[in-house]
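In: Next come a sequence and a model predicted from it.
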Amino acid sequence: MEDILKQILSELKGIKTEIGELKTGQARLEAGQQKLHQNLIESLGAYTEKIVESEIERLSRQ
């Protein structure tokens, strides 16, 4: 009986470690997603700005 309890406790410790690793991984993924979102917004802004500049130049030549 005692051996079974020790085995269960050992397995629970392993599960606790895995849950901690999953939480850490999730936090890293969320940080990466936020950075990706920010980069996408910045890139779209720069792209839009270049389109507007090109249109202004084109219109000023007419």
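Out: Noted; the coordinates are in hand.

In: contacts and neighbour counts: CA atoms only from here.
Out: Noted.

In: Quick one: distance of the helix or strand hosting Leu59 to the chain centre.
Out: Using DSSP states H and E, Leu59 sits within helix 2-61. Centroid separation for helix 2-61 versus its chain: 0 Å, with Cα atoms, centre = their mean, to the nearest Å.

In: Could you give the average pLDDT over that helix?
Out: Across helix 2-61, pLDDT averages out at 97.

In: what about Glu57, how many residues close to it?
Out: Counted with other Cα atoms under 10 Å, the neighbours of Glu57 add up to 11.

In: Also Gln34?
Out: 12.

In: what about it, distance to Leu9?
Out: 37 Å (Cα to Cα, to the nearest Å).

In: Then Ile15?
Out: 10 Å.

In: And for Leu40?
Out: 46 Å.

In: can you check Asn39 too?
Out: 45 Å.

In: Could you check how far Lys50 is from Glu57?
Out: Relative to Glu57, and taking Cα to Cα, Lys50 is found at 10 Å.
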